[in-house]
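here's a sequence, model it:
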Amino acid sequence: MIVWLLMRIAQACGIMLVMTVLVFIGVHVIGDPTAMLVSPEASAQDRARMIAALGLDQPLWLQYLHFLGGILQGDIGNSFVFHLPAMGLILQRMPATLELAFCALLFALLIGVPLGLYCGLRPNTTLSKIIMTSSIVGFSIPTFWLGLMLILLFSVNLGWLPSSGRGETVKILGIGWSFLTLDGLSHLAMPAFTLSLYKVALVLRLVRAGVREIMPLEHVRFARAKGLSQRRVVVVHVLKNLMIPVVTVTGMEFGTLIAFSLVTETVFGWPGMGKLIIDSINLLDRPVMVAYLVIIVALFSAINIIVDILYMLLDPRIRPR
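Got it, this is the predicted structure:
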């Protein structure tokens, strides 16, 4: 187990190294940040001094070596716009994005699993057919459109929920969290639901398909023949087998929730990493863009390892020998 874990960590480090090359090259071909930072009226000497100050006058390979050296020291560079450490800016916004992603994932599980169980156990009822048909909406509605419609309904017309911001927070270990206050929850409700709708449909259909596959199996039929109640059969024999694909898929989807929360955070003015990276792209703030992408790759690698560990705990047959 320890050897397997060390090998997975080594693989993750190799993937991150490759991704840093791709990310570094990618962000250095999308534009010239000095065009955004230097006034059009500036002289050629002023422009040259700015380029030298940012280190952009060096060859790309040398810039990458300096970048790698900075990573080993925990320093990806300073933001061109904010003149602060880029990694610090990202980490400062990370709790807001993690909170939003966790709440969206919680919505997906609390709504998708029960509805999926119902549709799988009673596939021919009218309500089940309505639910399955409605789940197509979750795959089809664009996130930005749903967010705007929710703001129009609950903020503009009804005035029930705030349309932007994070609201009041409570600090734990120096980190502010919105879900611990009523005001924060009211700010969190709409963006979390908007971000979760696609995942609700995904979990619903995944659970429904799993139930339809597991119910005819011999061990389930044997448990029902022994006279076990429907609830015990579902909880002990069906849900236990369902947890393997659900954990695998939702674990990976949590990573996508973090990475692709850009649109939701922008629509609702949620002060997370997504909104920061959108602003950085508009301003061609390369260090912040690189820091964000490196952190996302690290998060995906960590989530992959955690999902693999949970997978082995749920199914001992796949544990390494």
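
any idea how far G88 is from the residue minimising distance to the centre of the chain?
Against the mean C-alpha coordinate of the chain, by C-alpha atoms, centre = their mean, the closest residue is I258 at 1.8 Å. From I258 across to G88, the span is 18 Å (C-beta to C-beta, to the nearest Å). No exception for glycine: its C-beta is placed from N, CA and C like everyone else's.

and for M289?
M289 is 15 Å from G88, by C-beta to C-beta.

same question for V27.
From V27 across to G88, the span is 19 Å (C-beta to C-beta).

more neighbours: those two, which one.
In terms of neighbours (other C-beta atoms under 10 Å), V27 is the more surrounded of V27 and G88; the figures are 21 against 15.

quick check, the more buried one in contact with R286.
Yes. V27 lies in contact with R286 (C-beta atoms under 8 Å); the separation is 5.2 Å.

so what's the residue nearest to the centre of the chain up against?
Counting by C-beta atoms under 8 Å, 6 or more residues apart in numbering, I258 touches T97, L98, A101, M273, I296, L299.

and which of those residues is nearest to R205?
Nearest to R205 among these: A101, at 20.8 Å, using C-beta to C-beta.

what's the local residue count around the closest one?
26.

what kind of secondary structure is it in?
Recorded secondary structure, A101: helix (DSSP: H, G, I helix; E, B strand; the rest coil).

wait, doesn't it sit right on L195?
Yes. The criterion here is C-beta under 8 Å, and A101 meets it with L195 at 7.3 Å.

mutual contacts of the two, please.
Contact with both A101 and L195 is made by residues L257, S261, according to C-beta under 8 Å, 6+ apart.

how far off centre is the helix or strand hosting G14?
G14 belongs to helix 2-27 when assigned by DSSP states H and E. How far helix 2-27 lies from its chain's middle: 19 Å, per C-alpha atoms, centre = their mean, to the nearest Å.

how about stretch 95-103?
8 Å.

and what of stretch 184-194?
With C-alpha atoms, centre = their mean, you get 16 Å for stretch 184-194.

with adjacent residues omitted, what lies nearest to D279?
D285 (7.8 Å; C-beta to C-beta, 6 or more residues apart in numbering).

ramachandran angles for the one you found?
Dihedral pair for D285: phi -90, psi 90, per degrees, to the nearest 10.

and it, how far from I76?
The gap separating D285 from I76 is 12 Å, by C-beta to C-beta.

of these two, who's got more company?
More neighbours surround D285 than the other of D285 and I76, with 25 against 22 (other C-beta under 10 Å).

is it true that the more buried one touches G77?
No. Using C-beta under 8 Å, D285 is not in contact with G77; the gap is 10.2 Å.

tell me the residues that contact both of D285 and I76, please.
A86.

helices and strands of this structure: which one bottoms out on pLDDT?
Counting by mean pLDDT, DSSP states H and E, the weakest-scoring helix or strand in the chain turns out to be helix 34-37, with a mean of 61.

and I258, that one's in a helix?
Yes. Assigned with three-state DSSP, I258 falls within a helix.

now do the helices in the stretch 51-200 of the chain.
Counting by DSSP state H, counting those that start in this stretch, the stretch 51-200 of the chain has helices at residues 60-72, 86-121, 126-140, 143-150, 182-214.

show me where pLDDT drops low in this protein?
Applying pLDDT under 70 to the chain flags the ranges 1, 29-44, 46-47, 50-51, 53-57, 74, 228, 236, 314-321.

what are the structural domain limits within it?
Under the assignment automatic domain parsing, the domains of the chain span 16-72, 91-318.

closest one to M7 among the ones you listed?
M7 lies closest, by C-beta to C-beta, to one member of those: domain 91-318, at 10.6 Å.

once you drop chain neighbours, what's closest to I281?
Nearest one to I281, counting by C-beta to C-beta, 6+ apart, is M289 at 6.4 Å.

actually A108, not the one I wrote
In space, and not counting its chain neighbours, A108 is closest to K199: 3.6 Å by C-beta to C-beta, 6+ apart.

highest neighbour count among the contacts of I258?
Busiest of these [other C-beta under 10 Å] is M273, holding 30 neighbours.

how close does it sit to A192?
For M273, the distance to A192 - C-beta to C-beta - is 16 Å.

just want the angle from the helix or strand containing I281 to helix 182-214.
If you go by DSSP H and E, I281 is part of helix 273-283. Orientation check (axes from the mean of the first three to the mean of the last three C-alpha atoms, to 10 degrees): helix 273-283 against helix 182-214 gives 100 degrees.

tell me the buried residues in helix 273-283?
M273, G274, K275, L276, I277, S280, I281, L283 (16 or more other C-beta atoms under 10 Å).

work out the gap between the helix or strand that that helix is followed by and the centre of the chain.
Next in sequence after helix 273-283, counting helices and strands by DSSP H and E, comes helix 286-314. From the chain centre to the centre of helix 286-314 is a distance of 10 Å (C-alpha atoms, centre = their mean).
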